[in-house]
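Q: Turn this into a model:
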Amino acid sequence: MTADARARTGLWLVGARGSVGTTAALGLAALAAGHAGAAGCVTAAPAFDGLPLPGWGDLVVGGHDVSDVSLAKRAEALVDAGMIPAPLLAATAHALDAADAEVRPGHRGPLVPGGSQQQVAERLAGDITGFAARHDLARVVVVDVSSTEPPAHPTPAHDDPAALVAAVQEPGRVVLPPSSVAAYAAVLAGASYAGFTPSAGLGLPALQALAAEAGVPVAGQDGKTGQTWLRTVLAPAFADRGLRVLSWAGTNLLGGGDGATLADPEAVRSKLASKTRGLRDLTGSDVTPLHIDHVPDLGDVKVAWDHVHAEGFLGSRITLQTTWSAYDSMLAAPMVLDLARLLALAHAGGAAGVVPELGFFFKDPWGSDRHAAADQAGDLVRWAQGLAA
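A: The predicted structure is shown next:
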């Protein structure tokens, strides 16, 4: 590993003007200027000391979004909601304006008449490569923090790289959901990629194969920010003690844009699948009901309840109940910054395709069937230290 991993790196956010993207951009500016500490950032832990990661000041923010609400305006709303301290907004306003100037129109709508998804992807990829050229960046990491989509409708082209490349060039044909068009654009631009939402993104086998061919490291899927992280800490403890989980029920209460999006019964299917898959693997129980409800007055606060029912010695019953409450964007933003640094390390180290060791950050990790948080943390540290060596 060379010092090249510390070179200036672009952080290109799909959904840059949302709450997570805004919090990540503002938080990065605060860290770079010394206005805040790095609590919540995994890569600031002692295990990562001395590794050739980009510094906070080496990361440059840009992105795509379909919204015309600026990062500064979004940040003002987050200040009004009590999530971000007003002095931090004042201290980072210039950096937010600079990042917002690098946000380009994203893709969510239909194709223009006679247009193809290849043309859309090439336009998005051009935005990324232009960003890299303007800022003399050694590499760009794309992180999807946009709104959750419904599950993608399967098609044979999703499994066959050659068929997919042919399909996206057909005028008028829609073979990829918008998140996967953005992911394909990252591959075309030679950028690393992280799927932080449960949307399809680069989770399709054909796109992952194209990323490996292009020498692009990728990781996903669906950021493991709060409730699911706590579950993957607790569930292995039951197994270690020889206790059998009978059921694990949960409820999420969400406000803000995320809650409004997940009020759509189609969109919520993606989130429910990613949140329950790991828990089922860890407990061996299919009785893991989970409900997600939209409560608008909560704003960016997420409240999560869990009720665990287990069997102990001689058939005795054990009950554990937990309550989790936090600003979800404050949990997600430092993980986005960690992924930017670690994928820059992966790219500099020659990694290509799925990086399973980054599964620590995700509910439904690509390339890995490990879900226990402690095991994933160990894998992550060993991988990063080994790559740096």
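Q: So in this protein, where's the weakest helix or strand by average pLDDT?
A: Ranked by mean pLDDT, DSSP states H and E, the helix or strand of the chain with the weakest confidence is helix 256-262, at a mean of 64.
Q: Which phi and psi values does Gly215 adopt?
A: phi 70, psi 30 (degrees, to the nearest 10).
Q: What is the neighbour count of it?
A: 14 (other C-beta atoms under 10 Å). Every residue, glycine included, has its C-beta placed from N, CA and C.
Q: Was I right to think it contacts Ala346?
A: No: Gly215 lies out of contact with Ala346 (C-beta atoms under 8 Å); the separation is 10.8 Å.
Q: List the contacts of Arg244.
A: 238, 310-311 (C-beta atoms under 8 Å, 6 or more residues apart in numbering).
Q: What ranges does the stretch 1-150 of the chain have for its strands?
A: 9-14, 59-65, 103-105, 139-144 (DSSP state E, counting those that start in this stretch).
Q: Tell me where the stretch 101-250 of the chain has helices.
A: 117-134, 161-168, 178-188, 205-213, 227-240 (DSSP state H, counting those that start in this stretch).
Q: Any chance of those in JSON lines with distance to Ala374 and mean pLDDT as columns?
A: Output for these, formatted as JSON lines (distance: least, C-beta to C-beta, whole Å; pLDDT from 0 to 100):
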{"stretch": "helix 117-134", "distance to Ala374": "36", "mean pLDDT": "98"}
{"stretch": "helix 161-168", "distance to Ala374": "36", "mean pLDDT": "98"}
{"stretch": "helix 178-188", "distance to Ala374": "30", "mean pLDDT": "98"}
{"stretch": "helix 205-213", "distance to Ala374": "27", "mean pLDDT": "98"}
{"stretch": "helix 227-240", "distance to Ala374": "7", "mean pLDDT": "93"}
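Q: nearest to Ala332, of those?
A: helix 227-240 (11.2 Å; C-beta to C-beta).
Q: How about residues contacting the closest one?
A: By C-beta under 8 Å, 6+ apart, helix 227-240 touches 224, 244-245, 248, 250, 252, 275, 278-279, 282-283, 302, 304, 306, 308, 310, 320, 322, 324, 363, 371-376.
Q: Take these and keep only those in helices.
A: When DSSP state H is applied, the contacts of helix 227-240 are split such that 275, 278-279, 282-283, 373-376 fall in helices.
Q: which of those residues count as buried?
A: 275, 278-279, 282-283, 373, 376 (16 or more other C-beta atoms under 10 Å).
Q: could you redo those residues as a markdown table and give each row distance to Val42 and pLDDT?
A: Formatted as a markdown table, those follow (distance: C-beta to C-beta, whole Å; pLDDT from 0 to 100):
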| residue | distance to Val42 | pLDDT |
| --- | --- | --- |
| Lys275 | 21 | 68 |
| Gly278 | 18 | 75 |
| Leu279 | 22 | 79 |
| Leu282 | 21 | 84 |
| Thr283 | 25 | 83 |
| Ala373 | 11 | 95 |
| Gln376 | 11 | 97 |
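Q: picking that back up, out of the strands of the stretch 1-150 of the chain, flag the one nearest Arg123.
A: strand 103-105 (9.0 Å).
Q: What strands flank the closest one, and is each parallel or antiparallel?
A: Applying DSSP bridges, strand 103-105 is found paired with strand 59-65 (parallel).
Q: List the contacts of the partner strand.
A: So strand 59-65 is in contact with 8-18, 21, 24-25, 28, 32, 99, 102-107, 124, 127, 131, 135, 137, 146, 182, 337, 340-341, going by C-beta under 8 Å, 6+ apart.
Q: pLDDT weak spots in the stretch 251-389 of the chain?
A: Flagging of the stretch 251-389 of the chain using pLDDT under 70 yields the residue ranges 257-275.
Q: try 80 this time
A: The model of the stretch 251-389 of the chain has pLDDT under 80 over residues 255-279, 284-289.
Q: now the strands: where do they sit in it?
A: Under DSSP E, counting those that start in this stretch, the stretch 251-389 of the chain gives strands at 290-294, 301-311, 317-327, 353-354.
Q: To Leu78, which of those strands lies closest?
A: That would be strand 317-327 among these, by C-beta to C-beta, at 8.6 Å.
Q: Point to the residue nearest the middle of this protein.
A: Phe196 (1.6 Å; C-alpha atoms, centre = their mean).
Q: Show me which of the contacts of strand 59-65 are buried.
A: The buried subset of the contacts of strand 59-65 (16+ other C-beta under 10 Å) comprises 8-18, 21, 24-25, 28, 32, 99, 102-104, 106-107, 124, 127, 131, 137, 146, 182, 337, 340-341.
Q: coming back round to it: can I get the strands of the stretch 251-389 of the chain in a markdown table including mean neighbour count and distance to Gly115?
A: What follows is these, written out as a markdown table (neighbours: other C-beta atoms under 10 Å; distance: least, C-beta to C-beta, whole Å):
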| stretch | mean neighbour count | distance to Gly115 |
| --- | --- | --- |
| strand 290-294 | 16 | 34 |
| strand 301-311 | 19 | 38 |
| strand 317-327 | 13 | 39 |
| strand 353-354 | 20 | 30 |
